[in-house]
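S.K.: let's see this in three dimensions:
(one chain, ligands or ions: 1)
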Amino acid sequence: MRAPSSDQIVAGDTLLAVEQVSLRFGGVRALTDVTFDIRKGEIRAIIGPNGAGKTSMLNCINGFYHPTEGRITFKGVTRPKMRPYEAARGGVARTFQNVALFKGMTTLDNIMTGRSLKMRRGFFWQMLRHGPAMREEVEHRKAVEDIIDFLQIQHIRKTPVGKLPYGLQKRVELGRALAMEPELLLLDEPMAGMNIEEKEDMSRFILDVNNEFGTTIALIEHDIGVVMDLSDRVVVLEYGRKIADGTPAEVKSDQAVIDAYLGVAH
Ligand SMILES: Nc1ncnc2c1ncn2[C@@H]1O[C@H](COP(=O)(O)OP(=O)(O)OP(=O)(O)O)[C@@H](O)[C@H]1O
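M.R.: Down below sits the predicted model:
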């Protein structure tokens with residue numbers, strides 16, 4: 001059967017399905033028999049206490065880890081294994097728990113690296129400033145400048161990111177992921193280490209990305225208030241197993257979730 005093209009998957013359809021996924025590291029069971037889906041156009045949160053398996057789940061989705069058992073289906077294609085660059089080419093972009101940017105490079109250049117997968121002409125042609133390569137670079141620069149405007153970071157476009165406060169680095173990392181024009185954006189603790197004002201800004205950008213570009217978003221977040229405000233549906237993991245799945249209101253009143261969070265510092 002041919003896989004549906006992305007425009008055949010409409011809002012509300014399953015974009016990504018995780019079925020009975022287990023992941024082991026030697027004797028450690030990071031994930032056990034986890035099943036859930038992500039619908040096109042939604043904001044899906046993955047929550048759970050420390051060590052619950054949230055990052056491992058994102059790593060399985062974007063191909064950093066390969067599930068020991070189970071299947072992941074993205075845009076109708078089921079795969080036992082996928083490499084991170086295949087995931088990226090297929091439309092999955094990712095940010096990390098600890099910002100992973102080139103600290104000595106400017107904001108502009110860091111976001112530009114997000115375009116590299118989209119560049120048809122390789123580095124050699126870019127170096128030669130060959131005509132078509134020049135035109136392509138102009139197009140990519142325009143896309144990057146649009147993202148810089150969207151994220152309101154014009155004032156730091158030429159600043160090396162290592163010199164920026166943490167909250168702005170997180171925003172630049174979001175910019176680099178957006179430069180890939182993903183269909184599915186995975187955000188690993190996008191508000192970690194932020195003050196209230198920075199969290200509000202980041203929440204607004206996440207909602208705007210979802211509304212304006214229709215990007216489907218899966219995020220890990222420890223701030224339950226933020227999760228409840230932002231997400232359409234929430235999946236809850238504990239000790240690598242799924243213990244609840246539903247709307248924020250359903251999950252908040254679920255006894256297993258209340259028990260899992262009692263006495264846990266976040
Ligand atoms: N590369 C690895 N090698 C061995 N064990 C690992 C590896 N990655 C994760 N684990 C283990 O898998 C379990 C789940 O870890 P994971 O980082 O996915 O949890 P988490 O919910 O993201 O935690 P946190 O909220 O603290 O980031 C933990 O017991 C962790 O120690």
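S.K.: which residues does the closest residue to residue 180 other than its chain neighbours bridge with?
M.R.: Ranked by C-beta to C-beta, 6 or more residues apart in numbering and with sequence neighbours excluded, the top spatial neighbour of residue 180 is residue 93, at 4.3 Å. For every residue, glycine as well, the C-beta is placed using N, CA and C. Beta-bridge partners recorded for residue 93 (DSSP bridges): residue 185.
S.K.: surely residue 93 and residue 173 touch.
M.R.: No - contact criterion C-beta atoms under 8 Å: residue 93 and residue 173 do not qualify, at 10.3 Å.
S.K.: state the pLDDT value of the closest residue to residue 83 other than its chain neighbours.
M.R.: The shortest distance from residue 83 to any residue other than its chain neighbours is 5.2 Å, reached at residue 63 (C-beta to C-beta, 6+ apart). Note for residue 63: predicted pLDDT of 91.
S.K.: likewise for residue 74?
M.R.: Predicted confidence (pLDDT) for residue 74: 93.
S.K.: quick one: residues contacting it.
M.R.: 15-16, 61, 87, 90, 92, 184 (C-beta atoms under 8 Å, 6 or more residues apart in numbering).
S.K.: now residue 42
M.R.: Applying C-beta under 8 Å, 6+ apart, the residues near residue 42 are 216-217, 231-233.
S.K.: show me which helix or strand of the protein is least confident by mean pLDDT.
M.R.: helix 123-128 (a mean of 54; mean pLDDT, DSSP states H and E).
S.K.: any idea which helix or strand comes after it?
M.R.: Counting by DSSP states H and E, the next helix or strand C-terminal to helix 123-128 is helix 131-150.
S.K.: tell me the buried residues in that following helix?
M.R.: Neighbour-count burial for helix 131-150, counted by 16 or more other C-beta atoms under 10 Å, picks out 133, 136-137, 140, 143-144, 147-148, 150.
S.K.: got it, and stretch 20-34?
M.R.: Buried, per 16+ other C-beta under 10 Å, within stretch 20-34: 21-23, 29-32, 34.
S.K.: can you narrow those residues down to the ones near the ligand?
M.R.: Contacts with the ligand within those, counted by C-beta under 6 Å from any ligand atom: residue 30.
S.K.: which of the buried residues of stretch 20-34 sits closest to the ligand?
M.R.: residue 30 (3.3 Å; C-beta to the nearest ligand atom).
S.K.: stretch 190-203 and the ligand, are they touching?
M.R.: No - applying C-beta under 6 Å from any ligand atom, one finds stretch 190-203 separated from the ligand by no less than 9.3 Å.
S.K.: quick one, what contacts residue 39?
M.R.: Counting by C-beta under 8 Å, 6+ apart, residue 39 has contacts 11-15, 216, 232-233.
S.K.: which of these sits closest to the ligand?
M.R.: Distances from the ligand to the contacts of residue 39, taken by C-beta to the nearest ligand atom, are shortest for residue 233, at 18.1 Å.
S.K.: what's around that closest one, how many residues?
M.R.: With neighbours defined by other C-beta atoms under 10 Å, the count for residue 233 comes to 18.
S.K.: need the residues of the protein near the ligand, please.
M.R.: Checking the chain against the ligand by C-beta under 6 Å from any ligand atom, the hits are 25, 28, 30, 48, 50-56.
S.K.: mind giving me the domain split of the protein?
M.R.: Listed by automatic domain parsing, the domain ranges of the chain are 1-91+182-266, 100-181.
S.K.: confidence-wise, which of those is weakest overall?
M.R.: Among the domains of the chain, domain 100-181 scores lowest, at a mean of 83.
S.K.: distance from that one to the middle of the chain?
M.R.: With C-alpha atoms, centre = their mean, to the nearest Å as the basis, domain 100-181 stands 18 Å off its chain's centre.
S.K.: between the two ends of it, how far is it?
M.R.: Taking C-alpha to C-alpha, to the nearest Å, domain 100-181 runs 18 Å from one end to the other.
S.K.: next: stretch 237-251.
M.R.: For stretch 237-251, the end-to-end distance is 11 Å (C-alpha to C-alpha).
S.K.: how far does it sit from the chain's center?
M.R.: 19 Å.
S.K.: buried stuff in stretch 78-94?
M.R.: Going by 16+ other C-beta under 10 Å, stretch 78-94 has these buried residues: 82, 87-88, 90-94.
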